[in-house]
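> The amino acid sequence is not available; the structure is as follows:
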């Protein structure tokens with residue numbers, strides 16, 4: 001899922017992306033722990049020069065409270081080491097309007113200007129988003145298929 005989010009964010013506007021510069025995926029970095037030791041942590045999406053990371057929280061990885069606690073500690077360690085960490089969930093990724101707003105926020109945090117002169121840019125972005133994140137089991141697709149195959 002992280003690769004799809006990175007693609008949507010960094011793809012050219014002509015194909016429906018947001019044109020944000022490409023992040024590093026699953027980039028490992030050394031961070032300082034409160035006890036003075038160093039530990040390697042990986043960020044799902046990272047723009048290291050701007051100290052910006054996006055962490056994807058998948059419900060499949062957070063079935064137990066211990067998983068949620070571990071990820072919260074990990075995220076706090078990244079923040080304490082100077083990173084701005086944004087978290088996105090599966091539901092948020094599938095919400096086009098939310099992801100569109102998040103892309104704008106990321107662009108501003110990176111200092112990237114996102115002025116696009118393509119008249120149908122929102123439609124292009126929606127189509128690419130739909131192609132990347134729509135589920136074959138979605139109710140709309142099921143309804144569409146049911147109408148085509150009585």
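Ah, there it is. Because the structure is a prediction, the values reported are computed rather than measured.
> Where does the prediction get shaky in this structure?
Within the chain, the stretches with pLDDT under 70 are 59-65, 114, 136-150.
> can you give me the helices for the chain?
2-10, 65-80, 90-94, 96-110, 121-133, 139-148 (DSSP state H).
> Adding distance to residue 22 and mean neighbour count as columns, could you present those helices in TSV?
C-betas here are computed from N, CA, C, even on glycine. Shown next, in TSV, are those (distance: least, CB to CB, whole Å; neighbours: other CB atoms under 10 Å):
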stretch	distance to residue 22	mean neighbour count
helix 2-10	4	18
helix 65-80	20	13
helix 90-94	18	15
helix 96-110	11	15
helix 121-133	15	16
helix 139-148	30	10
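> now those as JSON lines including distance to residue 48?
As requested, the helices of the chain are arranged in JSON lines below (distance: least, CB to CB, whole Å):
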{"stretch": "helix 2-10", "distance to residue 48": "14"}
{"stretch": "helix 65-80", "distance to residue 48": "12"}
{"stretch": "helix 90-94", "distance to residue 48": "22"}
{"stretch": "helix 96-110", "distance to residue 48": "11"}
{"stretch": "helix 121-133", "distance to residue 48": "25"}
{"stretch": "helix 139-148", "distance to residue 48": "38"}
